[in-house]
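Asks: Quick one: sequence plus predicted model below, questions after.
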Amino acid sequence: MTGCRLSKAIRKAANGGESTVEAAGGVVFSADGKRVLLVHRPRYDDWSLPKGKLEPGESAQQAALREVAEETGYHCSIGPELAEVRYVDRNGRPKRVRYYAMTVEEGEFTPNSEVDGIRWATDREALRLATYPHDLELIGAQFRNGNG
């Protein structure tokens, strides 16, 4: 068995036969730290933090940077890991998302098939706008801890 297969087999066994979907994303802060970036996904009509699944051989940090760039057009610098969130996805599979603090280095948003809009939101705006409880908890914690 290769390392990748062994890892998937271990994850599957640990989840009662269900493979954990591994993902990563960014909590992208504005330069002044007063706003956080949320993305609107038309497929789900939701507002969330940018994130996505890891590709084979990719680290969580690499995936987080790639996903933020793909969804927003922003190339970011990555900071510390902020949190690991676990939940059951829309298909009933266990999912783990590792989130990292990020700041924009360069880029420009262009609407695409995954994300049709973005919003730089204050803590209060983000807490009203974000669709998912795990995003709300993470955003709230970052601003309470002075990370935003």
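Replies: Perfect, I can see it now. Residues are numbered from 1 along each chain as shown.
Asks: the helices in the protein, which residues?
Replies: 3-14, 60-72, 123-129, 133-144 (DSSP state H).
Asks: any weak-confidence spans in this structure?
Replies: 1-18, 148 (pLDDT under 70).
Asks: one more time with 50, if that's ok
Replies: For the chain, applying pLDDT under 50 flags the ranges 1-15.
Asks: hmm, back to that, of the helices of the chain, which approaches residue 87 most closely?
Replies: Distance to residue 87, taken as CB to CB, is lowest for helix 133-144 among the helices of the chain, at 5.8 Å. (C-beta placed from N, C-alpha, C; glycine too.)
Asks: can you dump the C-alpha coordinates of that closest one into CSV?
Replies: The C-alpha atoms that make up helix 133-144 are tabulated as CSV, following Å, rounded to 0.1, in the frame of the first residue of the first chain:
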residue,chain,number,x,y,z
PRO,A,133,-22.4,28.0,12.1
HIS,A,134,-18.8,26.8,11.8
ASP,A,135,-17.8,30.0,9.8
LEU,A,136,-19.7,32.2,12.3
GLU,A,137,-17.8,30.6,15.2
LEU,A,138,-14.4,30.9,13.5
ILE,A,139,-15.0,34.5,12.4
GLY,A,140,-16.3,35.5,15.8
ALA,A,141,-13.3,33.9,17.6
GLN,A,142,-10.8,35.7,15.4
PHE,A,143,-12.2,39.1,16.0
ARG,A,144,-12.6,38.4,19.8
